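Engineer: After the sequence you'll find the predicted model.
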Amino acid sequence: MDDENKLRYSDSELADFRLLIEGKIAKAENDLHVLREQFANDEGNGTNDTAPIFKSFEEGSETMSKEANAQLAARQEKFIRDLKAALTRIENKTFGICRVTGKLISQERLRLVPHATLSIEAKNKQ
């Protein structure tokens, strides 16, 4: 049976998606850990004995870097939440079903964006 006529993905297909998502969660959590470590280590970057003008430029740059890191960390946390929600949909056997059209989201799309809840068709209508 092709994907067009299926109501949901099979248990074996869902198991494959689970493995894919668990791998993405592990990588995302590792990346988040690195971001947090970087944020924690940004304190005191050794400009205490440099000229005051250079130090003010350095502090401004450091502030921008911290803000960028905080934004990256927030995006990473949201990505992890979305992936974990996808695991819940796998448990409920609703994974891969478009929340607008009720049709199956293509496997190609789900492999690229496993936390997707909209088919390309529904996404394009937005």
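Structural biologist: Looks like it came in fine. Numbers count the residues shown, from 1 in each chain.
Engineer: going forward, measure contacts between C-alpha atoms and count neighbours the same way
Structural biologist: OK.
Engineer: Where does the prediction get shaky in the chain?
Structural biologist: The chain contains residues with pLDDT under 70 at 1-4, 42-64.
Engineer: quick one, what contacts the spatially most central residue of it?
Structural biologist: For the chain, residue 79 is the residue whose C-alpha lies nearest the centre (CA atoms, centre = their mean; 2.5 Å). If you count contacts by CA atoms under 8 Å, 6 or more residues apart in numbering, residue 79 has them with residue 28.
Engineer: gap between the two ends of stretch 98-111?
Structural biologist: End-to-end span of stretch 98-111 (CA to CA, to the nearest Å): 15 Å.
Engineer: picking up where we left off before, please identify the helix or strand for the residue nearest to the centre of the chain.
Structural biologist: Secondary structure assignment for residue 79, by DSSP states H and E: helix 52-91.
Engineer: coming back round to it: what separates the residue nearest to the centre of the chain from residue 94, distance-wise?
Structural biologist: Separation of residue 79 from residue 94 (CA to CA) stands at 19 Å.
Engineer: Since that was my last question, I'll sign off now.
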